[in-house]
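> no letters, just coordinates:
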C-alpha cells in the first residue's frame, strides 16, 4: 500500500525532518520530484508530499 504524507510549516521558518522509513519519492506542490540527498529534508511554508511504500 502506498501512503502520501504532506508536510509544511505554518510560518516562514524551515524545519528539518527525518524522512520516514520506506520513502519512495518526494514531490513539491506542483507534483515535481524533489531530490532526496540524505535521510533528512528541509520543510518550509511550501508543502511537500512524501510518498511512502514498499
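Looks like it arrived, so ask away. Just so it is clear, the model here is predicted, and its values are computed rather than measured. Numbers count the residues shown, from 1 in each chain.
> how about the residue lying farthest from the centre of the chain, what does it touch?
Residue farthest from the centre of the chain, counting by C-alpha atoms, centre = their mean, is residue 1 at 17.9 Å. Contacts of residue 1 were listed using C-beta atoms under 8 Å, 6 or more residues apart in numbering, and they are 53-54. (C-beta placed from N, C-alpha, C; glycine too.)
> mind pulling up the pLDDT for it?
We note a pLDDT of 94 for residue 1 in this prediction.
> which non-adjacent residue is nearest residue 39?
Spatial nearest neighbour of residue 39, chain neighbours left out: residue 19 (5.6 Å); criterion: C-beta to C-beta, 6 or more residues apart in numbering.
> hang on, I meant residue 42
residue 14 (4.9 Å).
> ditto for residue 12
That would be residue 45: by C-beta to C-beta, 6+ apart, it lies 5.9 Å from residue 12.
> could you check how many residues crowd around that neighbour?
By the measure other C-beta atoms under 10 Å, the count of residues near residue 45 is 11.
> ok, residue 8 next?
When counting by other C-beta under 10 Å, one arrives at 14 neighbours for residue 8.
> so it touches residue 49, yeah?
No: look at residue 8 against residue 49 with C-beta atoms under 8 Å: they stay out of range, at 9.9 Å.
> between those two, what contacts are shared?
In contact with both residue 8 and residue 49: no residue, using C-beta under 8 Å, 6+ apart.
> quickly list what residue 3 is bridged to.
Here residue 3 sits in beta bridges with residue 52, going by DSSP bridges.
> that one: how many residues sit nearby?
Using other C-beta under 10 Å: residue 3 sits among 11 other residues.
> does it touch residue 49 like I think?
No: here residue 3 lies out of contact with residue 49, judged by C-beta under 8 Å, at a distance of 10.7 Å.
> that concludes my questions; thank you for your assistance.
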